[in-house]
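1. what shape does this take:
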Amino acid sequence: MFPKKRNWLNSLRKLRGNLLLFFFVLYLCFFPLISTPETKELNLILDNGLKVLLIDRPGSQLVNLAMAVGFGSRDESPSMYGLAHLLEHIILFRGERSKTVEEIHNELKRIGAWINGHTSLDATLFELSVPKEEIEVGIINFIDLIFNLNLNEDDLAKEKQIILEEMNLQASEPLSLALTLGYESLFPDHAYGHPLIGRAETVKQLTLDQVIKAHREFYSPTNSALAVVTDLKATKIEELIKRYFGQIKGEKRPRPVIHPPPPLEKTGRIEKEMDEQQSHLLLVCRAPDLTSYDQYAFDLLATIMGRGLNPLLAMALGSKRISVANLYVSFNAHKYSGVLLIHLVLDPKNVVLAEREVSRWLRQLSQENFSPDDVLGETKDYVFDFLTSAKKQVQLNAERSLEDGLKLASSVALYLLLLEGTTLPPYLETIEKINSTDLRRAASKYLSRPQMAIIVINPIKKFN
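-> Residues are numbered from 1 along each chain as shown. A predicted model of the protein is given here:
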């Protein structure tokens, strides 16, 4: 199959069950690589500077490749907002290579390959899954598609029109609109603050020269990382990687300098109306970044707050008789800042009360008991073990990700690119060591005085 979804809203709906975080972060695979005694890995740096990690999956009938390129919405200047996302679309669907894009797609379909692409704040990711018997054909076409771009004005105009249609769809989807407004409010005057999909006025003005220049400057082996998950012996993948990926040319060019966002001076609040039956309340808070040890505690906190059989935030709202139709909490770690998202769907009459209660509750989260070990005596019998339950959920999700070769490859490629030599401790081992004190410390550090933005999407008021 070859199911590249051109409508990013479809991808958003597909991802909501896992991350809630839409198009901003196609870092849907952000689990660090979890090494086990059975995992065999081979690190390579090719002569052209491409970082490669090969992961052995004995018996696998597929070769899963993920190429992360250091070009995301954070690299765009105001006059070029939307360029990274547009370029990803063009690479997958438009222009000429050594043959037409249609011929490349047909060849990949013929061999049973699946290809996809994602754009995020910090990077662009391309994925390929191909039967091991056809790996050489798959690699040749994968490289041709990504790195050998030839584009004309007609193809650029056609893809612009598709992006503009996506913008119209975004404007009609409450969660998408809320997320866009939330990031703008949480990161004002910062590279993370503008919409990843861009703005209509800037996308319309993007030129052929700008697109080609961005591809030439950012799409180079020294600004990329490759991860492969397959049966290393059965595929001779190391030899193929060196032969084909080693031929990619490109100069090393520094990315634009990005600094961590400055402290948020005040809580931003935006209220909009849409043709909806219920209200959407979104609270977005600054949280640990990708290199912070606190991200492990936040993975657990997000799970405790909004997932599983007994979400702590749902219990807190219920104790105040605040009914919600849907509640989801997500933590997403970006390169320079993380984001905690709390999304509630509820009756419009409960919005103000829920907003006030969630804000108050976040500030007091550092005083919460997360485990029976946090209290003494008979009181232990009345404290639910949120910590152990969350650990089991996180561990299960991590193990499932490991079982998915393409997810694992995507996660590893992004971490190879974005960590830039920073070493994080093993994920599951660290999660197991986290205790309630760690959770309270992290909650106190980031949420006792949260840097936060609040977005409310209410139904359109009807007047008799």
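2. wait, residue 369 touches residue 384, no?
-> No: contact between residue 369 and residue 384 fails when scored by CB atoms under 8 Å: they sit 9.1 Å apart. Heads up, the C-betas are built off the backbone N, CA and C, glycines and all.
3. who touches both of the two?
-> Shared contacts of residue 369 and residue 384 (CB atoms under 8 Å, 6 or more residues apart in numbering): none.
4. what about residue 285, neighbour count?
-> 23 (other CB atoms under 10 Å).
5. how about it, secondary structure?
-> strand (DSSP: H, G, I helix; E, B strand; the rest coil).
6. state the distance from residue 93 to residue 114.
-> 15 Å (CB to CB, to the nearest Å).
7. could you pull out the helices for the stretch 101-250 of the chain?
-> With helices called from DSSP state H, counting those that start in this stretch, the stretch 101-250 of the chain shows them at 101-110, 135-147, 153-171, 174-186, 200-205, 208-218, 232-235, 237-244.
8. ah, wrong one, I meant the stretch 351-464 of the chain
-> Using DSSP H, counting those that start in this stretch, helices in the stretch 351-464 of the chain cover 351-364, 386-403, 405-419, 427-433, 436-447.
9. quick one: mean pLDDT over the shortest one.
-> Here the mean pLDDT over helix 427-433 is 92, rounded to a whole number.
10. and it, how far out from the chain middle?
-> Distance of helix 427-433 from the chain centroid (CA atoms, centre = their mean, to the nearest Å) equals 21 Å.
11. so where's the stretch 351-464 of the chain uncertain?
-> Flagging of the stretch 351-464 of the chain using pLDDT under 70 yields the residue ranges 463-464.
12. still on that earlier bit, ok, which of the helices of the stretch 101-250 of the chain comes nearest residue 55?
-> helix 232-235 (8.2 Å; CB to CB).
13. kindly export the closest one (C-alpha atoms) in CSV.
-> Output of helix 232-235 as CSV, limited to C-alpha atoms (Å, rounded to 0.1, in the frame of the first residue of the first chain):
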residue,chain,number,x,y,z
LEU,A,232,20.7,-7.0,9.4
LYS,A,233,22.1,-10.3,8.2
ALA,A,234,19.3,-11.2,5.8
THR,A,235,19.3,-7.9,4.0
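14. flag every buried residue along it.
-> Residues of helix 232-235 classed as buried: 232, 234-235 (neighbour count, 16 or more other CB atoms under 10 Å).
15. give me the neighbour count for residue 293.
-> Using other CB under 10 Å, residue 293 is surrounded by 13 other residues.
16. for residue 262, the count of nearby residues, please.
-> Here the count is done by other CB under 10 Å, and residue 262 has 11 residues near it.
17. could you shift the numbering so residue one becomes 752, and keep it that way?
-> Sure, I'll start numbering at 752, so the last one becomes residue 1013.
18. spatially nearest residue to it (excluding sequence neighbours)?
-> Distances taken as CB to CB, 6 or more residues apart in numbering place residue 941 nearest to residue 1013, at 7.7 Å, with adjacent residues excluded.
19. ok, residue 901 - how many residues close by?
-> As a burial measure, residue 901 scores 12 neighbours (other CB under 10 Å).
20. separation between it and residue 1047?
-> 45 Å.
21. identify the residues contacting the nearest residue to residue 896 once chain neighbours are set aside.
-> Computed as CB to CB, 6+ apart, the closest residue to residue 896 that is not its neighbour in sequence is residue 855, at 5.4 Å. The contact partners of residue 855, taken as CB under 8 Å, 6+ apart, are 848, 892, 895-896.
22. wait, residue 966 sits on residue 837?
-> No: using CB under 8 Å as the test, residue 966 is too far from residue 837 to be in contact (10.8 Å).
23. now tell me what touches the helix or strand hosting residue 819 from outside.
-> Assigned by DSSP states H and E, residue 819 belongs to strand 813-820. With CB under 8 Å, 6+ apart as the test, strand 813-820 has contacts from 874-883, 886, 889-890, 893, 897, 969-970, 974-981, 986, 988, 1156-1157, 1159-1161, 1163-1165, 1167-1169.
24. next one: stretch 1117-1137
-> With CB under 8 Å, 6+ apart as the test, stretch 1117-1137 has contacts from 1055, 1061, 1063, 1138-1139, 1186-1187, 1190-1192, 1194-1195, 1198-1199.
25. farthest pair in these?
-> Most distant of those, by CB to CB, are 1139 and 1199, 24.6 Å apart.
26. what about residue 1011, how many residues nearby?
-> 12.
27. so it: helix, strand or coil?
-> Applying three-state DSSP: residue 1011 is coil.
28. state the pLDDT value of it.
-> Residue 1011 is given a pLDDT of 94.
29. and what of residue 765?
-> If you check residue 765, the pLDDT there is 33.
30. what's the answer for the one 3 residues further on, then?
-> Residue 768 is assigned a pLDDT of 29 by the prediction.
31. repeat that for residue 772.
-> For residue 772, the model assigns a pLDDT of 35.
32. go on, residue 786?
-> 44.
33. returning to that earlier point: tell me how far the residue nearest to residue 1013 lies from residue 968.
-> 22 Å.
34. more crowded one of the two?
-> residue 941 (19 against 16).
35. and residue 898, what does it touch?
-> Contacts of residue 898 (CB under 8 Å, 6+ apart): 970, 999, 1001.
36. of these - the most surrounded one?
-> Going by other CB under 10 Å, residue 970 tops the contacts of residue 898 with 22 neighbours.
37. for that one, report the pLDDT, please.
-> pLDDT at residue 970 comes out at 97.
38. which ones are touching it?
-> 820, 822, 897-898, 900, 1001.
39. and of those, the nearest to residue 1015?
-> Closest approach to residue 1015 among these (CB to CB): residue 822, at 26.7 Å.
40. run a quick neighbour tally on that closest one.
-> With other CB under 10 Å as criterion, residue 822 counts 25.
41. and for residue 1063?
-> Residue 1063 has 22 nearby residues by other CB under 10 Å.
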